[in-house]
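Participant: Turn this into a model:
(one chain, ligands or ions: 2)
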Amino acid sequence: MRERQLLTAPSILSADFADIAGGIQRIESAGGDWIHMDVMDGHFVPNLTFGPKMVADVRKRTSLPLDVHLMIERPEDYLAAYVDAGSDFITIHLEATVHVQRHLQRIQNLGAKPGVSIVPSTPAAALSEILVDVDLVLVMTVNPGYGGQSLVPACVDKVATLVEMRRERGLDFMISVDGGVNEGTAVSLRRAGVDVMVSGSSFFASEDPRDYLQRLKGARIA
Ligand code: DX5
Ligand code: ZN
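Facilitator: Ligands and ions are numbered 1, 2, ... in the order given. Here you go, the predicted model:
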């Protein structure tokens, strides 16, 4: 049985970057639970997006939790900047730096909620030693870098594995999925036990975003 309410985190990556305020408005009026913000550095992933100023400017416009996903090398050099900008969750990649446990503790000490993410080629078991240090595990369901890619099916099982690891260890972290989420793929993700579904391109392409988010959650729409 699901332990907690299923949440949605629309990703601002698929918004019109010349109209971020409009993107925030779309997320709020659709009933999105969090705003997912993808920070890319052109090194860890082959694309560039934005830095802490964007997070700070979005923070001024919304009270929704900001779910900041750092797809950058040496995330430890920027943690204070993203906390100061008003991030609620700060997620770093297991593959991006060596002393991940230290950096997760620092995020917490700075006053934000620490998250860790893994790319499709990293097994869930690689997180075993640091699950105790996180509030969020973000399972990448595409190779990160771009919106609009297709979900890698093998990643879905990682969600179920993490649900089991959480139960065995008596822990309480949330599990989110990111990449290729849509009404179709959401079915198996919900079944696997996901807590938070990030959605970028499908959310911003939907004609009725409120209805779309309800469908992601598996609600029956009349
Ligand atoms: C991909 C990003 C995702 C992206 C998902 O590297 O981390 O957050 O916004 O976009 P969709 O939902 O289009 O796959
Ligand atoms: Zn993301």
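Participant: how distant is the longest helix seen in the chain from the center of its chain?
Facilitator: Criterion DSSP state H: the longest helix present in the chain is helix 156-169. Relative to its chain's centre, helix 156-169 lies at 17 Å (CA atoms, centre = their mean, to the nearest Å).
Participant: Quick check: what element follows that helix along the chain?
Facilitator: Per DSSP states H and E, the first helix or strand lying C-terminal to helix 156-169 is strand 174-178.
Participant: which outside residues touch the helix or strand just after that following strand?
Facilitator: Next along the chain after strand 174-178, taking DSSP H and E as the criterion, comes helix 186-192. For helix 186-192, the surrounding residues in contact (CB atoms under 8 Å, 6 or more residues apart in numbering) are 6, 141, 156-157, 159-160, 163, 177, 181, 197, 215-218. Just so you know, the C-beta spots here come from the backbone N, C-alpha and C atoms, and that holds for glycine as well.
Participant: again, only using 7 Å
Facilitator: Outside helix 186-192, the residues that touch it by CB atoms under 7 Å, 6 or more residues apart in numbering are 6, 156, 159-160, 177, 181, 197, 216, 218.
Participant: could you redo these as JSON lines and give each row neighbour count and distance to residue 15?
Facilitator: JSON lines is the format used below for the contacts of helix 186-192 (neighbours: other CB atoms under 10 Å; distance: CB to CB, whole Å):
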{"residue": "6", "neighbour count": "18", "distance to residue 15": "23"}
{"residue": "156", "neighbour count": "18", "distance to residue 15": "26"}
{"residue": "159", "neighbour count": "24", "distance to residue 15": "26"}
{"residue": "160", "neighbour count": "17", "distance to residue 15": "31"}
{"residue": "177", "neighbour count": "29", "distance to residue 15": "20"}
{"residue": "181", "neighbour count": "26", "distance to residue 15": "16"}
{"residue": "197", "neighbour count": "26", "distance to residue 15": "17"}
{"residue": "216", "neighbour count": "25", "distance to residue 15": "17"}
{"residue": "218", "neighbour count": "13", "distance to residue 15": "25"}
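Participant: Nearest to ligand 2: which residue in the chain?
Facilitator: Distances between the chain and ligand 2 by CB to the ion are smallest at residue 69, namely 3.7 Å.
Participant: residues in contact with that residue?
Facilitator: Taking CB under 7 Å, 6+ apart as the criterion, residue 69 is in contact with 36-39, 91, 117, 138, 178.
Participant: what do you get for residue 59?
Facilitator: 66, 85-86.
Participant: buried residues in stretch 77-84?
Facilitator: 78-79, 82-83 (16 or more other CB atoms under 10 Å).
Participant: can you check stretch 208-222 too?
Facilitator: If you call a residue buried by 16+ other CB under 10 Å, then stretch 208-222 has these buried ones: 209, 212-217.
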